[in-house]
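Q: could you look at this predicted model? Sequence included:
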Amino acid sequence: VIDIRKLYAQGDVFTYDPGFTSTASCSSTITYIDGDKGELLYRGYPIEELADKSHFLECCYLLLYGELPSAAELEDFEARVTRHTMLHEQMQYFFRGFRRDAHPMAIMVGVVGAMSAFYHDSTDIGDPWQREVASIRMIAKMPTIAAWAFKYSIGQPFVYPKNSLDYSGNFLHMCFSVPAEDYVVDPILSRAMDRIMMLHADHEQNASTSTVRLASSSGANPFASIAAGIACLWGPAHGGANQACLEMLQEIGTVDRIPEYIARAKDKDDPFRLMGFGHRVYKNFDPRAKVMKQSADEVLGLLGIDNNETLKVAKELEKIALEDPYFVDKKLYPNVDFYSGIILEAMGFPTSMFTPIFALSRTVGWISQWKEMITDPEQRIGRPRQRYIGAPRREYTEIEDR
Ligand code: ACO
């Protein structure tokens with residue numbers, strides 16, 4: 001690793017690295033990825049082990065504070081999160097200002113940014129107590145925001161949080177209960193949802209996390225910075241890939257049509273890409289995809305839809321692509337989004353909710369990275385340079401002479 005800053009100060013070097021493929025923007029102790037091995041660690045713990053033994057709120061504690069909690073610490077943390085699950089009642093007016101068929105991600109970008117107008121006592125980033133309250137508020141309220149964005153988009157009344165339920169169970173309740181009937185949360189489905197959240201909780205300096213860091217490097221408040229992260233996550237090359245992937249699998253429809261799509265993905269003149277395939281860092285199987293595939297089998301089995309055509313297409317597509325020299329040579333493997341959409345659809349979510357669920361899961365990662373950045377003595381405002389390739393200095397031409 002070369003610390004380029006000293007060379008730059010001497011005027012010796014200027015790096016050009018579009019997409020930051022080989023530029024570290026920070027030092028971090030939170031998440032480690034070994035893309036060649038297909039390894040992902042949260043604070044040193046392998047994701048597979050956490051997905052098996054831990055649960056989302058415990059992972060939140062780990063990511064936020066660096067260590068697994070004791071039983072008493074976890075109880076206290078859960079109580080603090082639970083206390084903040086409600087949204088300020090006035091925020092409902094804000095939701096209602098959106099067009100009735102607005103995409104839930106559009107609502108989330110707006111509502112999360114607007115939290116800075118509702119929670120003034122947690123916007124001073126110089127105050128550790130306010131930072132802590134902002135962190136807990138974001139983690140606690142994001143399921144409520146995502147669920148209400150969903151309810152609003154389908155024209156159903158908002159459902160208030162039920163604090164007797166666990167984090168993921170409560171989210172399912174707020175999404176699927178209606179005034180006439182409380183949704184009965186199946187523990188297997190709530191466990192599957194919890195796992196999806198754990199698998200998406202952090203992923204070091206991905207595009208949305210880097211956006212949060214860059215936005216808050218100017219001193220912007222955490223709500224505004226996280227809103228920026230949500231906006232970035234929305235794109236189909238990032239968080240929007242889970243929606244795009246399921247739509248692609250459904251468009252393929254049957255196993256016999258897979259070769260046609262594989263051919264399109266390999267055709268340089270066709271912009272089509274296999275969604276849910278490839279990753280900037282993983283050049284081996286995304287470890288999250290393995291857990292997700294197992295979860296997909298469990299959930300569809302539980303719901304009695306293990307004969308699901310989309311799952312069949314996904315499995316066969318994976319098999320064919322992994323044997324195809326194009327994908328092998330370019331080290332393109334299924335990523336976390338390849339199977340998550342199948343699970344979410346089986347649970348009853350429309351595709352428009354896939355990315356909001358990613359956003360609510362990633363919130364703890366964004367917050368942990370933000371907290372780390374704020375207290376990093378090396379932190380400075382993010383200000384990339386450019387390689388200017390425009391016109392050289394020239395004289396202004398009067399309009400009548402152009
Ligand atoms: N299908 C077909 N070809 C692909 C795919 C794909 N999914 N992904 C990459 N390639 C090819 C590219 O065409 C390129 O080929 P070339 O070298 O002949 O030009 C080569 O592989 C490298 O691709 P890049 O775009 O340079 O790789 P990059 O690291 O910039 O992009 C990305 C990574 C955005 C994830 C890309 O693989 C992609 O678009 N995948 C599909 C979208 C997706 O699933 N995104 C989710 C990412 S995970 C997440 O956000 C949680």
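A: Received the coordinates, thanks.
Q: up against the ligand, what does the stretch 1-150 of the chain have?
A: Proximity of the stretch 1-150 of the chain to the ligand is confined to residue 19 under the rule Cβ under 6 Å from any ligand atom. Glycine gets a C-beta too; all of them are placed from N, C-alpha and C.
Q: strands of the stretch 1-150 of the chain, start to end?
A: In the stretch 1-150 of the chain, the strands defined using DSSP state E, counting those that start in this stretch lie at 31-34, 39-42, 45-46.
Q: of these, which stretch is the most buried?
A: Comparing these by mean neighbour count (mean count of other Cβ atoms under 10 Å), strand 39-42 ranks first with a mean of 20.
Q: report the closest residue of the chain relative to the ligand.
A: residue 278 (2.4 Å; Cβ to the nearest ligand atom).
Q: surely that residue touches residue 338?
A: No - Residue 278 is beyond contact range of residue 338, at 10.2 Å (criterion: Cβ atoms under 8 Å).
Q: more crowded one of those two?
A: residue 338 (27 against 20; other Cβ atoms under 10 Å).
Q: quick check: the more buried one touching residue 314?
A: Yes - look at residue 338 against residue 314 with Cβ under 8 Å: they come within range, at 6.6 Å.
Q: sorry, back to before: I'd like the strands of the stretch 1-150 of the chain as a markdown table, with mean pLDDT and distance to residue 269 appended.
A: As requested, the strands of the stretch 1-150 of the chain are exported to a markdown table (pLDDT from 0 to 100; distance: least, Cβ to Cβ, whole Å):
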| stretch | mean pLDDT | distance to residue 269 |
| --- | --- | --- |
| strand 31-34 | 96 | 33 |
| strand 39-42 | 97 | 35 |
| strand 45-46 | 98 | 41 |
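Q: what about those strands, which gets the closest to residue 147?
A: Smallest distance to residue 147 across these (Cβ to Cβ): 25.2 Å, for strand 39-42.
Q: pull up the pairing partners for the closest one, direction included.
A: Strand pairing for strand 39-42, determined by DSSP bridges: strand 31-34 (antiparallel), strand 45-46 (antiparallel).
Q: which other residues reach the shortest one?
A: Meaning strand 45-46. By Cβ atoms under 8 Å, 6 or more residues apart in numbering, the residues outside strand 45-46 that reach it are 39-40, 54, 62, 68, 287.
Q: what do you get if the cut-off is 7 Å, keeping everything else the same?
A: residue 62 (Cβ atoms under 7 Å, 6 or more residues apart in numbering).
Q: same question for the first one.
A: Counting by Cβ under 7 Å, 6+ apart, the neighbours of strand 31-34 from elsewhere in the structure are 39-42, 202-204, 281.
Q: max pairwise distance over these: which two?
A: Among these, the pair separated by the greatest distance (Cβ to Cβ) is 42 and 281, at 15.2 Å.
Q: need the contact list for the residue of the chain closest to the ligand.
A: Under the criterion of Cβ under 7 Å, 6+ apart, the contact list for residue 278 reads 332, 335.
Q: what's it sitting at in phi/psi?
A: phi 90, psi 150 (degrees, to the nearest 10).
Q: measure it to residue 342 for me?
A: If you measure residue 278 against residue 342 using Cβ to Cβ, to the nearest Å, the figure is 18 Å.
Q: one more: residue 357?
A: 13 Å.
Q: now do residue 106
A: Residue 106 is 25 Å from residue 342, where distance means Cβ to Cβ.
Q: re earlier: let me know the closest of the contacts of strand 31-34 to residue 87.
A: residue 202 (24.3 Å).
Q: run a quick neighbour tally on that closest one.
A: 27.
Q: make sure it is indeed in a helix.
A: No - Residue 202: not assigned to a helix; according to DSSP: H, G, I helix; E, B strand; the rest coil it is coil.
Q: find the nearest non-adjacent residue to it, please.
A: residue 365 (3.1 Å; Cβ to Cβ, 6 or more residues apart in numbering).
Q: also residue 160?
A: That would be residue 86: by Cβ to Cβ, 6+ apart, it lies 7.0 Å from residue 160.
Q: list the buried ones in the longest helix anywhere in the chain?
A: Once the chain is assigned using DSSP state H, the helix that runs over the most residues is helix 128-153. Neighbour-count burial for helix 128-153 flags 130-131, 133-153 (criterion: 16 or more other Cβ atoms under 10 Å).
Q: which SSE is immediately downstream of that helix?
A: Remark: after helix 128-153, the chain's next helix or strand is helix 167-176, criterion DSSP states H and E.
Q: what about that following helix, distance to the chain center?
A: Relative to its chain's centre, helix 167-176 lies at 18 Å (Cα atoms, centre = their mean, to the nearest Å).
Q: what is that helix packed up against?
A: On a contact count with 3 or more Cβ pairs under 7 Å, 6 or more residues apart in numbering; DSSP states H and E, helix 167-176 meets helix 56-65, helix 128-153, helix 187-200.
Q: now mean pLDDT too, for those, in a markdown table please.
A: As requested, the helices and strands packed on helix 167-176 are exported to a markdown table (pLDDT from 0 to 100):
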| stretch | mean pLDDT |
| --- | --- |
| helix 56-65 | 98 |
| helix 128-153 | 96 |
| helix 187-200 | 93 |
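Q: any chance of these in TSV, plus distance to residue 31?
A: Shown next, in TSV, are the helices and strands packed on helix 167-176 (distance: least, Cβ to Cβ, whole Å):
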stretch	distance to residue 31
helix 56-65	8
helix 128-153	17
helix 187-200	12
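Q: who wins for proximity to residue 225 among the ones you listed?
A: Nearest of the helices and strands packed on helix 167-176 (Cβ to Cβ): helix 128-153, 10.1 Å.
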